[in-house]
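Novice: Predicted structure and sequence below. I'll ask about it afterward.
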Amino acid sequence: MSIITLTTDWSKGDYYVAAVKGAILKQVPDCTIIDVSHDIKQFQTSHAAFLLKHSFPHFPAETIHIIGVNTEISNDEPFIVCRIANQYFLGIDNGQFSLISETPPELIVEIQPNKFNLQLQTFPVLNLFVDVACELAKGTDILTLGIQKTKIKQQIEFNPAIDENSINARIIYTDSYGNAITNITREIFDRVAKERKFNIWIQTRKNEITQIINSYNEVEGGTLLAVFNSLNLLEIAINKGSAVDLLGLKAFDSTIIVRFKPSF
Amino acid sequence: MSIITLTTDWSKGDYYVAAVKGAILKQVPDCTIIDVSHDIKQFQTSHAAFLLKHSFPHFPAETIHIIGVNTEISNDEPFIVCRIANQYFLGIDNGQFSLISETPPELIVEIQPNKFNLQLQTFPVLNLFVDVACELAKGTDILTLGIQKTKIKQQIEFNPAIDENSINARIIYTDSYGNAITNITREIFDRVAKERKFNIWIQTRKNEITQIINSYNEVEGGTLLAVFNSLNLLEIAINKGSAVDLLGLKAFDSTIIVRFKPSF
Amino acid sequence: MSIITLTTDWSKGDYYVAAVKGAILKQVPDCTIIDVSHDIKQFQTSHAAFLLKHSFPHFPAETIHIIGVNTEISNDEPFIVCRIANQYFLGIDNGQFSLISETPPELIVEIQPNKFNLQLQTFPVLNLFVDVACELAKGTDILTLGIQKTKIKQQIEFNPAIDENSINARIIYTDSYGNAITNITREIFDRVAKERKFNIWIQTRKNEITQIINSYNEVEGGTLLAVFNSLNLLEIAINKGSAVDLLGLKAFDSTIIVRFKPSF
């Protein structure tokens, strides 16, 4: 039993998703196909990488992930397969693989489109990625599919700026509930905090939080709150409401400052 | 072959759905996972219950349904598994189970989070519900998963007010076609009607219907109509149009009055 | 292993899709169910046909496709099963089958609702189409399901008007990227072009293209371009932008004129 997942920016009103699923089932009839998401913001490679980074660790070994965002193949950005934590990721080498995992891939193989029957055309996922994914699903050795490489392109993730008494961070993602996820990990927070009191300001000093709770239901509906979420990232939210809407927050735009009481 | 369904208010642009599916397949590789819906209106437990009520009877016995809406566990609203008509339902005991079926569950078991490796965190579906669902899928006896209870919390469904010559009812649901579904069952209607003529008024006397048809194609496009739908609930619609938009109808808000001719 | 696909105009917030999937799994537990799309524009039979036309050839033989758009059965538009290229299509005979494939079906069978337990009701897909699909999935001979017919209803597809020096065409579809797909096939273009130079005008002479490229990445972002897509249809697009929005294009409305240089 093999699993192939799809992460794309294609709308459900198109025929693309169905064509790709049909083509997979024609080659691997008992394949389990899982939609990670077809609602990636268009051309937003970092959105796709964010979803995969936080979902792939829950999948079984040998799962095959097709990334169908920005799939134009060029000499500068070839089509590659990476093996990360015993799973396979297929997509363009445009920096996205460096966002999916902090440890480098165990194996990287560049696919030669000519080895497959690729004509010049506008749908490489259907005409190339699916063939490679199905080869992997059938047990073909990744090394026979192309030329091994040693490096993937790097894309620097936003890390918060820290000094002794503060963390200067950003919203990196807003979810469908209107919660805003920052790039402050619990580890960074604890390291700077050293158990001191603090103020968290979201964009302005008017939006202030002075404690981090453990669970949404510790506060009333409508309360502005901060919580470490299941990713261990500090999340700004309004219980039963949308912090994004009410505070006007935007990913990669809104600033979060944590100011710790100087310890003298 | 086991079936697990998901009913949540998570958007497809998040990683939650994919993480949950991956986690299920890691434990039960040949599981069939069905999305009942991920478009539940946020925090609307009654919306989730409505969809499950009308879809679960079509599923095979032993199907396992995860309800991922309002999933914060508390002493007052614990996490439970109910067996209803030989199927399993997992969720918080907040009254939703009483809306899914009119007959009480055959079995109710309260899950002790400590028995599973639950840390304080914000994603109980991934970290707890999935484990319980997979235990059931692997054939574990429900009674070994927690402590048996005898009662679920009740949430009263809206029933229409009736007297000898009228039914005073409400819209309880509006579907994607703009049809408005009332809480008037065919049984209630027939009982009060006693085959008399009637007027149905939707919000105002200007929106009047004087007969119930059998099928949409009995009337022209654009006609306001009433029909008993496949749930045997009276449905107000405009053929090939949206009654909801044109008449400004809202679930749990708009009034429907049926007035029967006094029989003297 | 059988495959049943669903193409409907039902919203994900309804219970319809889940009920149909449950009903299929109850009859054929190991069936693979694929959503072609549930985002068909409401009542737009031609939208559903377009998606199936371009996705079904990628599916394996014996795949069963349920078309859940405009499903009211009448004497004039009966419920039929067509076999096309060794796959099965179930739906109302309203002309849609003539849009799915250019070659006529290999077999056409009209289903007699009475043979199945169809009550007067508003959900024929759940109460009739699913039963027929499951019979096919279990290997029942299509000819035993109803009465063989020799013809399907025809719906004329838009073909471009051509003369010696020009093609007068239309947008027939706009995809989720804002690309506009015309009804100009590569074959028609080449036949009229005879390798001459040309101007393509999109709605007005101000929107002019004078060459057809092979791949989006041949031009800068923001460039208006024309390309034969994977369907061999001429596609008008703006690289990394929306031609539909920027040029105000609409399916079945916007005109495309290709003017070839007279060859004297």
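Specialist: That came through fine.
Novice: by contact count, what packs against the longest strand seen in chain A?
Specialist: Secondary structure of chain A per DSSP state E: the longest strand is strand A:166-174. Judged by 3 or more CB pairs under 8 Å, 6 or more residues apart in numbering or on different chains; DSSP states H and E, strand A:166-174 is in contact with strand A:161-163, strand A:180-185, helix A:186-193, strand A:233-238, strand A:255-260. The way it works is simple: take the backbone N, C-alpha and C, and place the C-beta from them, glycine included.
Novice: Same list (these) but as CSV, adding mean neighbour count and distance to chain B.
Specialist: Shown next, in CSV, are the helices and strands packed on strand A:166-174 (neighbours: other CB atoms under 10 Å in any protein chain shown; distance: least, CB to the nearest CB, whole Å):
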stretch, mean neighbour count, distance to chain B
strand A:161-163, 12, 24
strand A:180-185, 23, 10
helix A:186-193, 16, 11
strand A:233-238, 24, 8
strand A:255-260, 19, 18
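Novice: Of these, which shows the lowest average pLDDT?
Specialist: Between those, the one with the least mean pLDDT is strand A:161-163; it has a mean of 86.
Novice: Run the chain-centre distance for that strand.
Specialist: 24 Å (CA atoms, centre = their mean, to the nearest Å).
Novice: swap in stretch A:125-136?
Specialist: 22 Å.
Novice: I'd like the helices and strands packed on strand A:166-174 as TSV, with distance to chain C appended.
Specialist: Shown next, in TSV, are the helices and strands packed on strand A:166-174 (distance: least, CB to the nearest CB, whole Å):
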stretch	distance to chain C
strand A:161-163	31
strand A:180-185	25
helix A:186-193	35
strand A:233-238	24
strand A:255-260	28
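Novice: Does residue A:260 touch residue A:191 like I think?
Specialist: No - here residue A:260 does not reach residue A:191: they are 11.1 Å apart, not a contact under CB atoms under 8 Å.
Novice: for chain B, what are the nearby residues on chain A?
Specialist: Selection of chain A residues close to chain B by CB under 8 Å from any CB of the partner chain yields A:1, A:3, A:5, A:32, A:34-41, A:47, A:50-52, A:54-60, A:63, A:175-177, A:214-217, A:227, A:229-230, A:235, A:240.
Novice: Tell me which of those fall in strands.
Specialist: Taking DSSP E, the ones among these that sit in strands are A:3, A:5, A:32, A:34, A:35, A:36, A:37, A:227, A:235.
Novice: what does stretch A:245-252 contact?
Specialist: A:158, A:170-174, A:178, A:180, A:202-203, A:207, A:224, A:236, A:238, A:243-244, A:254 (CB atoms under 8 Å, 6 or more residues apart in numbering or on different chains).
Novice: hmm, which of those residues are the buried ones?
Specialist: Among these, the ones that count as buried by 16 or more other CB atoms under 10 Å in any protein chain shown are A:170-174, A:178, A:180, A:202-203, A:207, A:224, A:236, A:238, A:243-244, A:254.
Novice: how about low-confidence regions in the stretch 51-200 of chain A?
Specialist: Low-confidence segments of the stretch 51-200 of chain A, defined by pLDDT under 70, are located at A:114-122, A:156-158.
Novice: Residue of it nearest chain C, please.
Specialist: Nearest residue of the stretch 51-200 of chain A to chain C, counting by CB to the nearest CB: residue A:123, 4.0 Å away.
Novice: Run a quick check on that residue versus residue C:228, I expect a contact.
Specialist: No - between residue A:123 and residue C:228 there is no contact under CB under 8 Å: 11.6 Å.
Novice: just to revisit the earlier point, and the longest strand of chain A with strand A:180-185, angle?
Specialist: Counting by axes from the mean of the first three to the mean of the last three CA atoms, to 10 degrees, strand A:166-174 lies at 130 degrees to strand A:180-185.
Novice: Strand A:166-174: partners in the sheet, and parallel or antiparallel?
Specialist: Sheet pairing of strand A:166-174 (DSSP bridges) gives strand A:161-163 (antiparallel), strand A:180-185 (antiparallel), strand A:255-260 (antiparallel).
Novice: and the angle from that strand to strand A:233-238?
Specialist: 70 degrees.
Novice: what separates strand A:166-174 from the chain centre, distance-wise?
Specialist: 16 Å.
Novice: where's the one residue in the stretch 101-250 of chain A that gets nearest to chain B relative to residue C:152, distance?
Specialist: Using CB to the nearest CB, the closest approach of the stretch 101-250 of chain A to chain B is made by residue A:176 at 2.9 Å. Separation of residue A:176 from residue C:152 (CB to CB, to the nearest Å) stands at 43 Å.
Novice: How about residue A:141?
Specialist: Taking CB to CB, one finds residue A:141 at 48 Å from residue C:152.
Novice: any idea how far the residue nearest to the spatial centre of chain A lies from residue A:253?
Specialist: Ranked by distance to the mean C-alpha position of chain A (CA atoms, centre = their mean), the top residue is residue A:50 at 1.2 Å. Computed as CB to CB, the residue A:50 to residue A:253 distance reads 16 Å.
Novice: you'd agree residue A:242 is up against residue A:176?
Specialist: No - using CB under 8 Å, residue A:242 makes no contact with residue A:176, being 9.6 Å away.
Novice: Quick one: name the residues of chain A near chain C.
Specialist: A:10-15, A:17-23, A:25-26, A:29-30, A:33, A:42-43, A:72, A:74, A:120-123, A:126-127.
Novice: So which of these belong to strands?
Specialist: Filtering the residues of chain A next to chain C for strands - DSSP E - leaves residue A:33.
Novice: my read: residue A:154 touches residue A:97, true?
Specialist: No - contact criterion CB under 8 Å: residue A:154 and residue A:97 do not qualify, at 9.3 Å.
Novice: Between these two, which is the more surrounded one?
Specialist: Comparing residue A:154 with residue A:97 by other CB atoms under 10 Å in any protein chain shown, the one with more neighbours is residue A:97, at 25 against 11.
Novice: Run through the residues that contact the nearest residue to that one once chain neighbours are set aside.
Specialist: Nearest residue to residue A:97, sequence neighbours excluded (CB to CB, 6 or more residues apart in numbering or on different chains): residue A:152, at 4.6 Å. With contact taken as CB under 8 Å, 6+ apart, residue A:152 is in contact with A:80, A:82, A:93, A:95, A:97, A:98, A:104, A:105, A:108.
Novice: close enough to count as contact, the fourth one and residue A:45?
Specialist: Right, the one you point to is residue A:95. Yes - look at residue A:95 against residue A:45 with CB under 8 Å: they come within range, at 7.1 Å.
Novice: more crowded one of these two?
Specialist: Set residue A:95 next to residue A:45 and count neighbours by other CB under 10 Å: residue A:45 wins out with 20 against 16.
Novice: Need phi/psi at the residue nearest to the more buried one when sequence neighbours are not counted.
Specialist: Of all residues not flanking residue A:45 in the chain, residue A:96 sits nearest, at 4.6 Å (CB to CB, 6+ apart). Backbone torsions for residue A:96, taken as degrees, to the nearest 10, come to phi -60, psi -30.
Novice: Perfect, that will be all.
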